[in-house]
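Novice: Please work out how this folds:
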Amino acid sequence: MLLWSEVRVSPMAAVCLVMALLWSCLFLFIPAVGCDFYGSCDSEIYCTGEILKQVQMTRLFDDDKHFVDMKLQKDPGEVLDAFRNLTSVSPGGSVHPAVLRDFIMEYFEPPGQEFEPWTPTDWHDGPQFLSKIADAELRSWAGKLHQLWKSLGRKIRLDVRDRPELYSLIYTPHPFIVPGGRFREIYYWDSYWVINGLLLSEMQDTAKGMIQNFLYLVDRYGFVPNGSRRYYERRSQPPFLALMVESYYQATGDEELLRNALPVLEREYEFWMSNRSLDVATEGHLNILNRYAVPVGQPRPESYSDDADLAKGLSADAQQQLYMELNSGAESGWDFSSRWYLAGPGQASLRDIGTSRIIPVDLNSVLCRVEGLLANFHRAVGDGASAGKYDKARERRLGAMETLLWDPQRGCWFDYELPSGTRRPAFYPSGLAPLWARCYSRPDMAEAALRYLEESGALLFPNGVPTSLVDSGQQWDLPNAWPPLQHMLIEGLSNMNISKAQDLAFDLAQRWIKTNWVVYKKYDAMFEKYNIDGDGQPGGGGEYEVQLGFGWTNGVALQLLDRYGDRLSGSPSLRPSISLGLFFVTLVMAM
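Specialist: Next up is the predicted model:
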């Protein structure tokens, strides 16, 4: 059993922790934070303040993100003064909705004013990977996915650079690809799969520009924000920047970019180790692992009304704790999932979220891979001493993961809950992330994880592997399947030197491509997530309508078409295998 008192932090982080506690008086499980932590997100319009509160709680727009993406027509001080004049003559300071709407019309412009028309200059017809796709329908479809990069490309107007106070958008110097739909800006972990797709499309300049944007953001903030908006300045997302550099370097051999990126990648890594790590003591040994934990006790501006409604009726301290956990869940990229419910899947609601109290398998798998990459990058530029430092960091993490996250009885990795010191046994594809990261010490662990996956029931769905086996109504749960999780699982299985794992990787790739293709034929669009059951539908649930576009979906599809294009079919007859079907029948009979 782990006691919370056994979680240790560094002396500097401890000092900053005390300061944070005095400042907020809110978080039972506030993370250790560095003193140079975060952008300020100090805008009284886009991040905090009465305008934000009243506009969002009045629900002037269907989506809270709409307002915080609007451009100011006048200087913020002038807008704030005008609003104070309104509140001073309004009963209780609450502006009537009709008056508030007129105010917004006068002082703000609709979203999307930040960009100028742009078509990627390195886009061209007929990239080579298309010729590898044997199925004529799939080859034609892949060509249409290649075309989508043009519609998803964005270039920021110089006015955003010159007058940043008028925008919530954070200026970045290079054009980029957006996810699509309501996501009008660059997003962090989405861009890993986007960049991989761009490289297959032979759009190396666009891919390089996106990486340079992220390096620019690390230079500015010390980490990569969730997305390039001011209201994202206080949280990040899964740290994939080193993996983006790896993909680009493998495709181009651009050593100059690697050398320039390396110190910036180290700075981002230090952010995660200084602000998102903790030492867990077990049997006298300290295990250093990472978690998501955002010390922001306020509603997310882009989801303000949802967060505030959820917190109604709670004490002030409980509200602030809830807001911190919601921000932390958003930092995970899984916003939201029963995975973060402390009461366990199927037994709780979003109010029971406790993201910061959970050590996630996938985050630590990503960082394990990052440590290996930093070691390899240093070797590539001739710095053996630094390479050895990161090799040792990876070895320490691998040992900590196997101590805390590996379950030898179940044969898989599971998230670890603090302060109870227990593994959380529910199925999530993220539990297989060490296979993708190649972060395990013995081949028999991978073999056991394959058996676990086969026996989990997660392979019985025709359209892909679900994000969980719990239908909570949240979008990162059953019945939704998400492209990055499909790709990480397929790549992890394909990494194994076991024919059964290789066959399963292809089977899952075939299911996912079929799902994407069937839905594309119905809707003439790609979506951010998909329903894993039925005859092919977009996913649903969560805080907003399913979005189309869609950057990472396109990137994953192109990668699978490139890898398996000689075998994939657009209209296969897909049924769960007999062995899996028998397992499912046996499982039901045993219940």
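
Novice: where does the stretch 451-591 of the chain have low pLDDT?
Specialist: The stretch 451-591 of the chain contains residues with pLDDT under 70 at 572-591.

Novice: What segments of it are helices?
Specialist: 483-495, 499-523, 551-564, 578-590 (DSSP state H, counting those that start in this stretch).

Novice: out of those helices, which comes closest to residue 201?
Specialist: helix 551-564 (7.2 Å; C-beta to C-beta). For the C-beta atoms, the positions are set from N, CA and C on the backbone; glycine is no exception.

Novice: Pull that closest one out as PDB, backbone CA atoms only.
Specialist: Extracted C-alpha coordinates of helix 551-564, given in PDB (Å, rounded to 0.1, in the frame of the first residue of the first chain):
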ATOM      1  CA  GLY A 551      -5.900  15.800 -39.600                       C
ATOM      2  CA  TRP A 552      -4.900  12.800 -37.500                       C
ATOM      3  CA  THR A 553      -7.500  10.600 -39.100                       C
ATOM      4  CA  ASN A 554      -6.100  11.300 -42.500                       C
ATOM      5  CA  GLY A 555      -2.500  10.800 -41.300                       C
ATOM      6  CA  VAL A 556      -3.300   7.400 -39.700                       C
ATOM      7  CA  ALA A 557      -5.200   6.200 -42.800                       C
ATOM      8  CA  LEU A 558      -2.300   7.200 -45.100                       C
ATOM      9  CA  GLN A 559       0.200   5.400 -42.900                       C
ATOM     10  CA  LEU A 560      -1.800   2.200 -42.900                       C
ATOM     11  CA  LEU A 561      -2.400   2.400 -46.600                       C
ATOM     12  CA  ASP A 562       1.400   2.900 -47.100                       C
ATOM     13  CA  ARG A 563       2.300   0.000 -44.900                       C
ATOM     14  CA  TYR A 564      -0.300  -2.500 -45.900                       C
END
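
Novice: Would you mind finding the most buried of the helices of the stretch 451-591 of the chain?
Specialist: helix 551-564 (a mean of 25; mean count of other C-beta atoms under 10 Å).

Novice: Give the other helices and strands that that one contacts.
Specialist: Contacts defined by 3 or more C-beta pairs under 8 Å, 6 or more residues apart in numbering; DSSP states H and E place helix 551-564 against helix 136-152, helix 190-200, helix 483-495, helix 499-523.

Novice: what's the spacing between that helix and its chain's center?
Specialist: What separates the centre of helix 551-564 from the centre of its chain is 18 Å, taken as C-alpha atoms, centre = their mean, to the nearest Å.

Novice: can you redo the helices of the stretch 451-591 of the chain as TSV with distance to residue 152?
Specialist: Formatted as TSV, the helices of the stretch 451-591 of the chain follow (distance: least, C-beta to C-beta, whole Å):
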stretch	distance to residue 152
helix 483-495	15
helix 499-523	15
helix 551-564	6
helix 578-590	37
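
Novice: For residue 233, which of those helices is the nearest?
Specialist: Of all the helices of the stretch 451-591 of the chain, helix 551-564 comes closest under C-beta to C-beta, at 21.7 Å.

Novice: okay, the angle between the closest one and helix 190-200?
Specialist: 40 degrees (axes from the mean of the first three to the mean of the last three C-alpha atoms, to 10 degrees).

Novice: relative to helix 499-523, how tilted is helix 551-564?
Specialist: Going by the same axes, to 10 degrees, helix 551-564 makes 130 degrees with helix 499-523.

Novice: so which of the helices of the stretch 451-591 of the chain comes closest to residue 467?
Specialist: Here helix 483-495 is closest among the helices of the stretch 451-591 of the chain (C-beta to C-beta), at 6.3 Å.

Novice: With just CA atoms, put that closest one into PDB.
Specialist: Below are the C-alpha coordinates for helix 483-495, written out as PDB (Å, rounded to 0.1, in the frame of the first residue of the first chain):
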ATOM      1  CA  PRO A 483      -7.300   7.000 -34.900                       C
ATOM      2  CA  PRO A 484      -4.100   7.600 -32.800                       C
ATOM      3  CA  LEU A 485      -5.000   4.700 -30.500                       C
ATOM      4  CA  GLN A 486      -5.600   2.400 -33.500                       C
ATOM      5  CA  HIS A 487      -2.300   3.300 -35.000                       C
ATOM      6  CA  MET A 488      -0.300   2.900 -31.700                       C
ATOM      7  CA  LEU A 489      -1.800  -0.500 -31.100                       C
ATOM      8  CA  ILE A 490      -1.300  -1.700 -34.700                       C
ATOM      9  CA  GLU A 491       2.300  -0.400 -34.700                       C
ATOM     10  CA  GLY A 492       2.900  -2.000 -31.300                       C
ATOM     11  CA  LEU A 493       1.700  -5.400 -32.500                       C
ATOM     12  CA  SER A 494       3.700  -5.100 -35.700                       C
ATOM     13  CA  ASN A 495       6.900  -4.400 -33.600                       C
END
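
Novice: Kind regards, and thank you for your time.
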